[in-house]
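J.: Provide a 3D model corresponding to the input given below.
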Amino acid sequence: MEAESFVRGLLDFPHYTRPAELRAMKVPETLLSGHHGDIAQWRKREAVRRTLDRRPDLLADASLDDEERAILQNLLIEREKGTGV
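T.: Model (predicted):
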């Protein structure tokens, strides 16, 4: 249970199921790739991104690892430049 993002102060990443496309919404290619490392990185990025978008107040006390801190920094830089999603 400690692996759950909300335990560490982040919102959870989006979850997808079959089919891979439904009502013009597609599952991200990364998740269909089968590459576990890329999938794990995508999940971390999305958890940090969702938290920053929806509950930025949680980030002050979140227990982020080095990769998540780097993701957060990159997201903040992208937003500052106006290139964020």
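
J.: quick one: E68 and E46 touch, right?
T.: No: assessed by CB atoms under 8 Å, E68 is found out of contact with E46, at 11.2 Å. For every residue, glycine as well, the C-beta is placed using N, CA and C.

J.: how far off centre is the helix or strand bottoming out on mean pLDDT in the chain?
T.: Within the chain, no helix or strand scores below strand 21-22, which has a mean of 82 by mean pLDDT, DSSP states H and E. The chain centre lies 21 Å from the centre of strand 21-22; the measure is CA atoms, centre = their mean, to the nearest Å.

J.: try stretch 49-57
T.: The answer for stretch 49-57 is 10 Å, by CA atoms, centre = their mean.

J.: now swap in stretch 8-17 and tell me
T.: 7 Å.

J.: got the CA coordinates for that stretch in CSV?
T.: What follows is stretch 8-17, C-alpha atoms only, in CSV (Å, rounded to 0.1, in the frame of the first residue of the first chain):
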residue,chain,number,x,y,z
ARG,A,8,3.2,9.9,-0.4
GLY,A,9,1.2,13.1,-1.0
LEU,A,10,0.5,12.8,-4.7
LEU,A,11,-2.7,12.3,-6.6
ASP,A,12,-2.9,9.1,-8.6
PHE,A,13,-2.0,8.8,-12.3
PRO,A,14,-4.8,8.2,-14.8
HIS,A,15,-5.9,4.6,-15.3
TYR,A,16,-6.9,3.1,-18.6
THR,A,17,-8.6,-0.1,-19.7
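
J.: I am finished for the moment; much appreciated.
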